[in-house]
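Visitor: Build the 3D model from these lines:
(chains A and B)
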There are 2 protein chains.
Amino acid sequence: MNTPVDGDSELGERAYEINADLIDAVLDCVEHNDQPRLIALLDPLHAADVADILEQVSPSKRSKLVELWGHEVDGEVLSELDENISAELLEEMPDTVVTEAFKDLETDDVVDLIEELEEDQKERVLGALEDADQVAVRQSLQYPDQTAGRLMQREVVMAPTHWNIGQAIDFLRSSGGLPDEFYEVILVDPRLKPVGKVALFSLLTKPREVLLSSVMDEDFITIPVTQSQEDVAYAFNQYNMVSAPVVDDKSRLVGVITSDDAMEVLGEEVEEDIKRLAGVGDESLTDTIWDTAKQRFPWLAVNLLTSILASLVIAQFTSTIEAIVALAVLMPIVASMGGNAGTQTLTVAVRALATKDLTPANAWRVIGREFSVGVLNGLAFAIIIGGIGSIWYGSAMLGVVLGLAMIINLIVASLAGIYVPLILDRFGVDPALGSSALVTTVTDVIGFLAFLGFAAAILL
Amino acid sequence: MNTPVDGDSELGERAYEINADLIDAVLDCVEHNDQPRLIALLDPLHAADVADILEQVSPSKRSKLVELWGHEVDGEVLSELDENISAELLEEMPDTVVTEAFKDLETDDVVDLIEELEEDQKERVLGALEDADQVAVRQSLQYPDQTAGRLMQREVVMAPTHWNIGQAIDFLRSSGGLPDEFYEVILVDPRLKPVGKVALFSLLTKPREVLLSSVMDEDFITIPVTQSQEDVAYAFNQYNMVSAPVVDDKSRLVGVITSDDAMEVLGEEVEEDIKRLAGVGDESLTDTIWDTAKQRFPWLAVNLLTSILASLVIAQFTSTIEAIVALAVLMPIVASMGGNAGTQTLTVAVRALATKDLTPANAWRVIGREFSVGVLNGLAFAIIIGGIGSIWYGSAMLGVVLGLAMIINLIVASLAGIYVPLILDRFGVDPALGSSALVTTVTDVIGFLAFLGFAAAILL
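Guide: Just a heads-up that it's a prediction; the model follows:
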C-alpha cells in the first residue's frame, strides 16, 4: 500500500496518524496554486484521510485548498468531514461541484450532507439529483434526525423466498443499480416484509440448486425506521451484525443499515456521554474559539451556581470558622473527596445504563453495592484523614470531625452517583446530561455541611 | 422474530433491554430445578442476551443456573460474558463441558476465553481441541495481549491472483473448513503476502470468467499482527472496513480481523477513556463489592493527596482568613470553576488525541485556541463573580480580587487541560490516565493561591 498514512508502527511515527510532512506539502501546493501536484498528493489517499487533512489545516487555508482542488472534490471526503466543516465548504462550493460530488454517494451519505445546506441550495442540489435518488433522499429527510431512517441507505438487495441460490446469483449478475457494498440478501414476502437474511458467503459456499429459504437466517434483528441511532448501534454491537434490514411501521422493508454506519454512531454516542459528563457540548477541535467559549459557558454557569450554593452553606458557619480557622484549611478535603467518589460511581452508572447492563432487574442490587463500596472506602478514608487531621492540628477531636464528615460524604457520594443517573434515566433524560453538576452539588453541600456542622457541634 | 428482547420501542419497554419478567422466569426454573423449561427459555435467545441475563443475576444464582443448563452451555455465550464472570464460570465447569462449548468458536474467541483459565485447566482444554485449532490457538496466545494477533481469527479465505471468479466460487463450494462468517477473499502471492481483496459481492455480481485480479481492491489496509487493538479499531472506523487481513513481520497473511471484533474494541477503548478520566479502573457492575472498593481506593487516595496539597496552600493564608472570614466562604468558588473548565478542555483533548484529530501538525493552533477560550470565559465569569462578590459582602475590592483570581484560574485551567494530556501522550502514557487528578491539582492550587494571594495583597 502506497499511502503516506501507513499502518506500520514505525519508530517516531504513529499508526494512521496523518503525516505532518504531507500536510506541509499540501499547504505548499495551496500557496503556489499547484493544482496538478495537489491532486497527485490527495488522489492516492483514502477519503477519510483527506477529510482529516482538511480538518487539521486552518479555516482560511481550507477554503483555498478546496477551491484549488475544484471539480475533483470527492463526495466521500465531504461525508467524512466534521459537520461544521462540510457545512462551511458546501456553502462555498458551486452547485455543479456539489451535485457532481454527491453522485457517487449512497443515499444515507447524501442525506447527511444535504441537511446541512441552506433551504434554497438544498432544493437546487436535490433537483439536480437523479429522480430515484431524489425521491429516496426526500423520503429519508422526513424521518427524525438521529434515527434509523436517517442512517439507512435506501439501496437494498432483496429476493423472494422461493428462489434458489442459482436464481439469486443470476439476478445479482444481471441487475443494475445494486448498492456499492452489501453483505446480505434480504428475503421478503410479497408484501415486502423481511422474512429472512442470506449472507453472501452462504450463496457462495452452497450449490446453485439449494433453496434460499433453506440457508436463510430466520432469527435476525429488524430495525424499526424510527428507532434511535443509539439503539441501532447497540444492536449491531450486541448481536455482531454486519448489516440489518430497516422496516417501516407496517413491517415493510425500507432500507438497510451497515456496520460501518453503526460503528460510527457507537463511537459518537460514547463520545457524547464522555463530553456531557465533563460538561462539554458536541464540540470539536474545528469549532471556532467563539463557538467553543459559548458552548462551554452554560456548563460553567451551572457550576458557578452550585459552587455559590456551597458557599452559602459555608456562610452559615462563619462564626465557627472565625473561632477555629483550621476548619477553613481542611474543609475542601471532605468536599473534594466526595466529588471524586461521586464521579466514580456516576461514570460507572452512566455507562452501565448506556450498555443496558443496569436495568430495573438489577438496579436495587447495584444501589446496595454502591452503598457498601461507599461505606468501605468511607471508613478507610475516615481513618486516614482523621489521623492526618489529628496530627496536623494536634487535636484528636478535629480528627474525629474530619473522619465522621468523610464517611458520611463518601456514602452520600455513592448514593448520589447511582440515584441521580437512575432517576434522570427514569424520566427519559440522558443520564450523562447535567448529572456531574448535580452529584457534585450534593457532595459539596453535604461535605461542607457535615464537616462544619460536626465541628460546630463537637468542637465549640 | 420471536424473542423476548424485541427491537420495537414499545411503551414502557426499551429496545433490546432484557425483560425483567424473563429474568424472573429463568430464576424460577433455577429454583425449581426445571431444566427443560430453562433450556426452552434460553434456546431462542441470542448468545449476547443470554450472557446479559447471566450478568444480571446474583453470583450464587448464576452458578446454579449454569450447572442446571449443563451440557447445553453455549461457547458463544461464554465469549459474550464479562471477563470476570466467564473466568469464574469456566473454573466451575467440568473440562468436558468447556471443551464441548469451545468447539463451535472461532480461534479468536477461544483465545479470549482460554487465557482466563488456570494453567493446568488451560493445558487440559487445549489438549482436547482438534489439532489444527490447538496449533492456531497456541500461536495466537504468543502475541501480546490487546494486539491484532489476539483479535484475529486464524481461519482465512484466500485465493491466488490468477484465478477467475468461477474458480473462486468452485473453490468456496468445495472447500471444507471455511470460517463461519467471511466477507472478503484475500488474494495472496506465492509467499502468502496479501496483494488484494475481493469483496464477496464482487464475486456475485460479475461473470464467472472475470479474473479476480481485475475486480480486486488493491488499495487496502493490512494490519500488522503486533498492532495495538486500539489502532485496529481506529482503522476499521476510519476506513469503514468489514474485515482486514493481518500480516506478520514478513508481510505474510496470518489471520483476519472482522468488524464485529473491531467494533467491540472501539467501544471498550472509549469506555476505558471515560472511566480513566473519572478515576475508575476497568470495573464492571459484576465486580464484587470488595474488588470495586479496592479498585477505586487508589484514585481516591491520589485525590486525597492533591486536596491536602490544596489545604497546605490555604494554610499559608491562615492569618488572612482570620482577618477576613468572607474569604473562607468564597474561596471554593474559584477553585471549583477552574476544576470544571480544566476538565472541559482535558476531555476534548483526550478524545481528540484518541481519534488522532489532535496531532503535532495542529497542536500549537489548538493550544492557542484553548488559551483564547480560557481568556473569553475567564473574562465573562470574572465580571459575573466580581459583581456577585462585591454585592454579597458590600466590598468592591473583594469583587476585584474574586474577578482577578477567576480569570487567572480559568486561563491556567485551559492550559493545564491541553498541556497535561499532550505531555502524557508525548511520553507514551495514556493521556486519560491520571490527567484529571493532575489538572484539578493545578486548578485547586492556583485557584486558592490566586484568590487568597490577591486578597492578602489587596485587601489587607
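
Visitor: Can you list the residue ranges for strands in chain A?
Guide: A:158-160, A:184-188, A:194-199, A:223-224, A:243-247, A:253-258 (DSSP state E).

Visitor: Need these in a markdown table (columns: distance to A:L398).
Guide: (Each C-beta comes from the backbone N, C-alpha and C, glycine too.) Output for these, formatted as a markdown table (distance: least, C-beta to C-beta, whole Å):
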| stretch | distance to A:L398 |
| --- | --- |
| strand A:158-160 | 75 |
| strand A:184-188 | 69 |
| strand A:194-199 | 69 |
| strand A:223-224 | 61 |
| strand A:243-247 | 62 |
| strand A:253-258 | 61 |
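
Visitor: nearest to chain B, of those?
Guide: strand A:223-224 (5.9 Å; C-beta to the nearest C-beta).

Visitor: hmm, back to that, now distance to chain B, mean neighbour count and mean pLDDT too, for the strands of chain A, in a markdown table please.
Guide: Converted to a markdown table, these look like this (distance: least, C-beta to the nearest C-beta, whole Å; neighbours: other C-beta atoms under 10 Å in any protein chain shown; pLDDT from 0 to 100):
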| stretch | distance to chain B | mean neighbour count | mean pLDDT |
| --- | --- | --- | --- |
| strand A:158-160 | 12 | 17 | 96 |
| strand A:184-188 | 9 | 25 | 96 |
| strand A:194-199 | 7 | 21 | 95 |
| strand A:223-224 | 6 | 25 | 97 |
| strand A:243-247 | 9 | 25 | 96 |
| strand A:253-258 | 8 | 24 | 95 |
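
Visitor: Out of those, which is closest to B:W392?
Guide: strand A:223-224 (53.9 Å; C-beta to C-beta).

Visitor: in its sheet, what does the closest one sit against?
Guide: strand A:243-247 (parallel) (DSSP bridges).

Visitor: Indicate whether stretch A:376-395 makes contact with chain B.
Guide: Yes - contact between stretch A:376-395 and chain B, assessed by C-beta under 8 Å from any C-beta of the partner chain, occurs at A:376-377, A:380-381, A:384-385, A:388.

Visitor: For B:L253, find the nearest of the strands of chain A.
Guide: Counting by C-beta to C-beta, B:L253 lies closest to strand A:194-199 out of the strands of chain A; the figure is 22.3 Å.

Visitor: what's the spacing between A:L113 and chain B?
Guide: 16 Å (C-beta to the nearest C-beta, to the nearest Å).

Visitor: ok, that residue touching A:S86?
Guide: Yes - contact status for A:L113 versus A:S86: in contact at 6.1 Å, counting by C-beta atoms under 8 Å.

Visitor: These two: who's more crowded?
Guide: A:L113 (23 against 20; other C-beta atoms under 10 Å in any protein chain shown).

Visitor: Contact partners for that one?
Guide: For A:L113, the contact set (C-beta atoms under 8 Å, 6 or more residues apart in numbering or on different chains) comprises A:75, A:78-79, A:86, A:90, A:102, A:105.

Visitor: Show the low-confidence segments of chain A, by residue range.
Guide: Residues of chain A meeting the criterion pLDDT under 70: A:1-13, A:71.

Visitor: Spell out which residues make up each domain of it.
Guide: As given by automatic domain parsing, the domain ranges for chain A are A:20-151, A:158-277, A:289-459.

Visitor: Of those domains, flag the one that's most buried.
Guide: Of all the domains of chain A, domain A:289-459 has the most neighbours on average by mean count of other C-beta atoms under 10 Å in any protein chain shown, namely a mean of 21.

Visitor: between A:L113 and A:S86, what contacts are shared?
Guide: With C-beta under 8 Å, 6+ apart, A:L113 and A:S86 have common neighbours A:78-79.

Visitor: Show residues contacting stretch A:245-253.
Guide: Contacts of stretch A:245-253 (C-beta under 8 Å, 6+ apart): A:148-149, A:152, A:156, A:158, A:186, A:188, A:191-194, A:197, A:220, A:222-226, A:254-257.

Visitor: cool, stretch A:352-365 as well?
Guide: With C-beta under 8 Å, 6+ apart as the criterion, stretch A:352-365 contacts A:230, A:234, A:269-270, A:273, A:349, A:366, A:421-422, A:425, A:431-432, B:14, B:16-18, B:20, B:23, B:52, B:55-58, B:284-285.

Visitor: now swap in stretch A:310-330 and tell me
Guide: By C-beta under 8 Å, 6+ apart, the list of residues contacting stretch A:310-330 reads A:331, A:335, A:389, A:392-393, A:395, A:398, A:402, A:441, A:444-445, A:448-449, A:451-453, A:455-456, A:459-460, B:311, B:314-315, B:318, B:321-322, B:325-333, B:336.

Visitor: And for stretch A:37-47?
Guide: Taking C-beta under 8 Å, 6+ apart as the rule, stretch A:37-47 contacts A:2-5, A:22, A:25-26, A:29-30, A:50, A:53, A:65, A:68-69, A:72, A:74, A:76-77, A:79-80, B:219, B:238-239.

Visitor: Run the chain-centre distance for stretch A:96-113.
Guide: 24 Å (C-alpha atoms, centre = their mean, to the nearest Å).

Visitor: Could you work out the end-to-end span of it for me?
Guide: For stretch A:96-113, the separation between the terminal residues is 15 Å (C-alpha to C-alpha, to the nearest Å).

Visitor: which residues in the stretch 251-400 of chain A form helices?
Guide: A:259-277, A:289-315, A:318-323, A:326-354, A:363-393, A:396-426 (DSSP state H, counting those that start in this stretch).

Visitor: Could you say which one of the ones you listed comes nearest to A:L203?
Guide: Counting by C-beta to C-beta, A:L203 lies closest to helix A:259-277 out of these; the figure is 19.0 Å.

Visitor: Could you name the helices and strands sitting against the closest one?
Guide: Contact here means 3 or more C-beta pairs under 8 Å, 6 or more residues apart in numbering or on different chains; DSSP states H and E; on that basis helix A:259-277 packs against helix A:148-151, helix A:229-239, helix A:326-354, helix B:229-238, helix B:259-277, helix B:326-354.

Visitor: Touching the first one from outside, list them.
Guide: Applying C-beta under 8 Å, 6+ apart, the external contacts of helix A:148-151 come out as A:108, A:111-112, A:140, A:142-144, A:223-229, A:232, A:246, A:254-255, A:257, A:261-262, A:265.

Visitor: Equivalent analysis for the second one, please.
Guide: In this structure, residues lying in contact with helix A:229-239 by C-beta under 8 Å, 6+ apart are A:146-148, A:150-151, A:221, A:223, A:241, A:244, A:257, A:259, A:262-263, A:265-266, A:269, A:354-356, B:7, B:9, B:15-16, B:46, B:48-49, B:260, B:263-264, B:267.
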